[in-house]
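Novice: make a model of this:
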Amino acid sequence: MLGQTPARGSCLPGAAVKSDVRHHPRLLLREWRDEDADAFAAMFDDPKVMEF
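Specialist: Sure, this is the predicted structure:
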């Protein structure tokens, strides 16, 4: 499956998907928003982020 994107909601087989937001005690995942682009670009422009 390398290089393939799983179908939406397939991260937990058999689990019902109730929203587009995934919660974990230390992490919140949500769908990409257009306003995320500048922060995403800035993150990858940081030498410490790109060091490894």
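
Novice: show me where the protein has helices.
Specialist: 37-45, 47-50 (DSSP state H).

Novice: pLDDT (mean, whole number) over the shortest one?
Specialist: Averaged over helix 47-50, pLDDT sits at 93.

Novice: in terms of secondary structure, what does that helix contact?
Specialist: Helices and strands touching helix 47-50, by 3 or more Cβ pairs under 8 Å, 6 or more residues apart in numbering; DSSP states H and E: there are none. All C-beta spots, glycine's among them, are computed from the backbone N, C-alpha and C.

Novice: before we move on, the earlier item: just so I know, which of the helices of the chain lies nearest residue 23?
Specialist: Among the helices of the chain, helix 37-45 comes nearest to residue 23, with 20.5 Å by Cβ to Cβ.

Novice: one step back: would a markdown table of the helices of the chain with mean neighbour count be doable?
Specialist: Formatted as a markdown table, the helices of the chain follow (neighbours: other Cβ atoms under 10 Å):
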| stretch | mean neighbour count |
| --- | --- |
| helix 37-45 | 9 |
| helix 47-50 | 8 |
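
Novice: doesn't residue 23 make contact with residue 30?
Specialist: No: contact between residue 30 and residue 23 fails when scored by Cβ atoms under 8 Å: they sit 9.8 Å apart.

Novice: can you show me the strands along the chain?
Specialist: 22-24, 27-29 (DSSP state E).

Novice: can you list the weak-confidence ranges in the chain?
Specialist: Within the chain, the segments meeting pLDDT under 70 span 1-19.

Novice: swap the cut-off to 50 and go again
Specialist: Along the chain, segments meeting pLDDT under 50 span 1.

Novice: about what we covered before: please identify the most buried of the strands of the chain.
Specialist: Most buried of the strands of the chain, by mean neighbour count (mean count of other Cβ atoms under 10 Å): strand 22-24, with a mean of 10.
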